[in-house]
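[1] please find the sequence and the predicted model below.
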2 protein chains.
Amino acid sequence: MASPLEKARQDPNSMKARILAAARMIFGQYGYNDTTTRMIAKEVGIDISTLYYHWGEKQDLYEAVLADVGDEIQQELNEIERHVSGQSMVRRLETALDMMCDYLFSHPEVPNLILFGYFNKTQHGVTLDIKMTEHIANIAVAMDLAKNKKKVTIQAKARILAVWNTVLNFISGESFFRPMLETDREHYIQVVKETLKFILVPAFTAEK
Amino acid sequence: MASPLEKARQDPNSMKARILAAARMIFGQYGYNDTTTRMIAKEVGIDISTLYYHWGEKQDLYEAVLADVGDEIQQELNEIERHVSGQSMVRRLETALDMMCDYLFSHPEVPNLILFGYFNKTQHGVTLDIKMTEHIANIAVAMDLAKNKKKVTIQAKARILAVWNTVLNFISGESFFRPMLETDREHYIQVVKETLKFILVPAFTAEK
DNA sequence: AATTGTTTCCATCAACTGATGGAGAAACAT
DNA sequence: ATGTTTCTCCATCAGTTGATGGAAACAATT
C-alpha cells in the first residue's frame, strides 16, 4: 500500500509530485498561514480544485511536505555521518559543517520549514518532527559528547541544538544578512562556513 | 510635536499605550499576518474600530511596535556596554551574555519580533530596523574584533551575527526546545546561559 | 446649558480564504 | 460506440480579514 507521498516520489512528473514540489517551495518561503492554496495552484499552473483533488486539505499537503523534508534531512545526516567517521574531531566537525552548509544552501526551503516549526505558534498544530531527539542523540555520540545514545546529558543536547540553530540561521536569514554584509552569494556562503568553524570548532576541541 | 509612540509612553494607562502593549505581545506571538486586529482589540477589551481610531492601519501599529522594541534594545545594549567596560574579555563576554539572556527571557516577544523580521518573507515590507549595522559595529569594537567603528571586516560582522542569533534562538524556541530537554523554565534558562558561554567564550578568547 | 472635541461601539463593506459539487475532457479498455 | 476511470476546470459557498461611517456616550471648557 503506497502512501500518497511515496506515490508522488515514484514519478516526479506526476501531478501529485509537481504539486508537492511547488508546495514545498512556497510553504518554505511564506510559511503555512501565509501560503494560500491558490498560490500553489498558480505556481503549478493548475486550478485550485485540481490541487484539492490530489492532496485534499491544505493541512494534509503541508504534512506531506514536512514528511518529505524530514526524510531528506535524515538521509543527509546519515550520509554526513558515513563521510566523517573515523576522522579526528576537528576534521569531523569541519567536514560536517561544510557538507551541511552545501546541502542547506542548495535547499533553502528546508531551514525555513524547520524554523517555522520552531517559532511560529501556529494553531494548526502541524510540526516538523524529524525525530529531533533521536538525531541529537546520534550526533552527541558522534561528537564525543556522550558515550551512550541513551545517556545524553541535557548539556550535550543543548550544545548540539546551538550548533544546529546557528547553521540554520545563516541560511534562512540570507536575504536579511547578506545585504548587511554587502557581499554576493558565493562569498556569503564562504564567510558563513568560515564563521561557523571559527565559532564552533574551538568550543568542542579545547581541553577543559 | 509628540509622535503617537511618545504620547503612548507618557501615560502607560492611556488607551493608546494599552493597545500598543497588547499589540506588542500578540504580534510577538503570532507574527504580522497571523495577528488580526480583532485579536488585539479583544485582548485589550475594546472594539476593533476603537483600535483603528487610535492607531490607524494595522501596519502603522506594527511599525509603532517595532519602533518601541527597537528603542528598548538599543537602551539595553547601551546598559550592557556600560556595565562590562574595562573588564577582561572573558568577563565581558560572560556578563554580556548573562544580561542579554535575562532581558530577553523576561521579554520573549522581543526575540520573536526580530526573528519574524529575519525569516518571514512578508509582503508587507515592514522590518525591524534597529540600526543593526550600527550596533554590530559597536559590539565589534567592544569585543576587540575591530579597532575602528568604520572598519569592521565582514568576518567580524558575521561572527557577531552568529552570537546574536544563537542567543535569540534559545529564547524564541523555548516552547520547542524545553520539552525536548525535559526540564523546567528556571533550569532551562540556566542551561542556555551555560551553553552560550561554552560555545562562544572559547572562540573569542583562544589565541590563534 | 451649550458647545466642542474626544472616545466608544454597532453595522457594514469588499476582498480574500479554504473548500466543494458538478460538468465536462482525456485516456483506456471493452 | 460504449462504459469506466482518471483528471481538470468553472462557479460557488460560508467564514474571516482589514477597514470605514455614523451614531451615541463622555468629558471639558465656556
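    Received the coordinates, thanks.
[2] kindly list the longest helix within chain A.
    helix A:58-84 (DSSP state H).
[3] quick check: buried residues in that helix?
    Neighbour-count burial for helix A:58-84, counted by 16 or more other CB atoms under 10 Å in any protein chain shown, picks out A:58, A:61-70, A:73, A:76-77, A:80, A:84. C-beta coordinates here come from the backbone N, C-alpha and C atoms, glycine included.
[4] swap in stretch A:184-198?
    Buried residues in stretch A:184-198, defined by neighbour count with 16+ other CB under 10 Å: A:Tyr188, A:Ile189, A:Val191, A:Val192, A:Lys193, A:Thr195, A:Leu196, A:Lys197, A:Phe198.
[5] chain B next: which of those residues are close?
    A:Val191, A:Val192, A:Thr195, A:Leu196, A:Phe198 (CB under 8 Å from any CB of the partner chain).
[6] one step back: are there helices or strands packed against the following helix or strand past the longest helix of chain A, and which ones?
    Beyond helix A:58-84 on the C-terminal side, the first helix or strand identified by DSSP states H and E is helix A:89-105. With contacts taken as 3 or more CB pairs under 8 Å, 6 or more residues apart in numbering or on different chains; DSSP states H and E, helix A:89-105 sits against helix A:58-84, helix A:109-119, helix A:154-172, helix A:185-205.
[7] quick check: angle from the helix or strand just after the shortest one to helix A:89-105?
    Translated: helix A:109-119. Sequence order places helix A:132-142 as the next helix or strand after helix A:109-119, per DSSP H and E. Using axes from the mean of the first three to the mean of the last three CA atoms, to 10 degrees, the direction of helix A:132-142 lies 150 degrees away from that of helix A:89-105.
[8] so does the longest helix of chain A get close to DNA strand D?
    No. Residues of helix A:58-84 contacting DNA strand D under CB under 7 Å from any atom of the strand: none, with a closest distance of 13.4 Å.
[9] that helix and DNA strand C in contact?
    Yes. Residues of helix A:58-84 are located near DNA strand C by CB under 7 Å from any atom of the strand, namely A:Lys58, A:Gln59.
[10] what mean pLDDT does that helix get?
    For helix A:58-84, mean pLDDT is 91.
[11] from the contact counts, what lies against that helix?
    Secondary elements touching helix A:58-84 (3+ CB pairs under 8 Å, 6+ apart): helix A:4-10, helix A:15-34, helix A:48-55, helix A:89-105, helix A:109-119, helix A:132-142.
[12] same thing but at 7 Å, please
    Judged by 3 or more CB pairs under 7 Å, 6 or more residues apart in numbering or on different chains; DSSP states H and E, the packing partners of helix A:58-84 are helix A:4-10, helix A:15-34, helix A:89-105, helix A:109-119.
[13] pLDDT weak spots in chain A?
    Low-confidence segments of chain A (pLDDT under 70): A:1-12, A:120-130, A:207-208.
[14] which non-adjacent residue is nearest A:Gly31?
    A:Phe116 (4.8 Å; CB to CB, 6 or more residues apart in numbering or on different chains).
[15] that neighbour: neighbouring residues, count only.
    Per other CB atoms under 10 Å in any protein chain shown, the neighbour tally for A:Phe116 reads 25.
[16] how far away is it from B:Arg82?
    According to CB to CB, to the nearest Å, A:Phe116 stands 37 Å off from B:Arg82.
[17] same thing with A:Ile160?
    35 Å.
[18] cool, A:Ala96 as well?
    In terms of CB to CB, A:Ala96 sits 40 Å off from B:Arg82.
[19] for chain A, which residues are neighbours of DNA strand D?
    A:Ser14, A:Met15, A:Gly45, A:Ile46, A:Asp47, A:Ile48, A:Ser49, A:Thr50, A:Tyr53, A:His54.
[20] how about those residues, which pair is most distant?
    Longest distance between any two of the residues of chain A next to DNA strand D is 18.4 Å, between A:Ser14 and A:Ile48; criterion CB to CB.
[21] now stretch A:103-120: how far from the chain's centre is it?
    Stretch A:103-120 sits 5 Å away from the centroid of its parent chain (CA atoms, centre = their mean, to the nearest Å).
[22] where does chain A come near DNA strand C, residue by residue?
    A:Thr35, A:Thr36, A:Thr37, A:Arg38, A:Ile48, A:Ser49, A:Tyr52, A:Gly56, A:Glu57, A:Lys58, A:Gln59.
[23] distance to B:His135 added to those, as a markdown table?
    Output for the residues of chain A next to DNA strand C, formatted as a markdown table (distance: CB to CB, whole Å):
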| residue | distance to B:His135 |
| --- | --- |
| A:Thr35 | 33 |
| A:Thr36 | 36 |
| A:Thr37 | 40 |
| A:Arg38 | 40 |
| A:Ile48 | 45 |
| A:Ser49 | 50 |
| A:Tyr52 | 47 |
| A:Gly56 | 47 |
| A:Glu57 | 44 |
| A:Lys58 | 39 |
| A:Gln59 | 40 |
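[24] which one of those residues is nearest A:Pro179?
    The closest of these, once distances to A:Pro179 are taken by CB to CB, is A:Thr35, at 24.6 Å.
[25] show me what contacts that closest one?
    When contacts are counted by CB atoms under 7 Å, 6 or more residues apart in numbering or on different chains, A:Thr35 touches A:Ile26, A:Phe27.
[26] if I look at it, how far off is A:Gln75?
    25 Å.
[27] cool, and A:Ser14?
    Distance check for A:Ser14 against A:Gln75: by CB to CB, it reads 21 Å.
[28] ditto for A:Ile114
    In terms of CB to CB, A:Ile114 sits 15 Å off from A:Gln75.
[29] compute the number of surrounding residues for A:Ala137.
    Neighbours around A:Ala137, by other CB under 10 Å: 21.
[30] leaving out chain neighbours, which residue sits closest to it?
    Closest to A:Ala137 by CB to CB, 6+ apart is A:Lys149, at 4.6 Å.
[31] so what's that neighbour up against?
    A:Lys149 touches A:Ala137, A:Asn138, A:Val141, counting by CB under 7 Å, 6+ apart.
[32] which one is the last one nearest to, not counting chain neighbours?
    The spatial neighbour of A:Val141 that comes closest, neighbours along the chain excluded (CB to CB, 6+ apart), is A:Lys149 at 5.6 Å.
[33] the longest helix of chain A vs helix A:89-105, what angle?
    Going by the same axes, to 10 degrees, helix A:58-84 makes 150 degrees with helix A:89-105.
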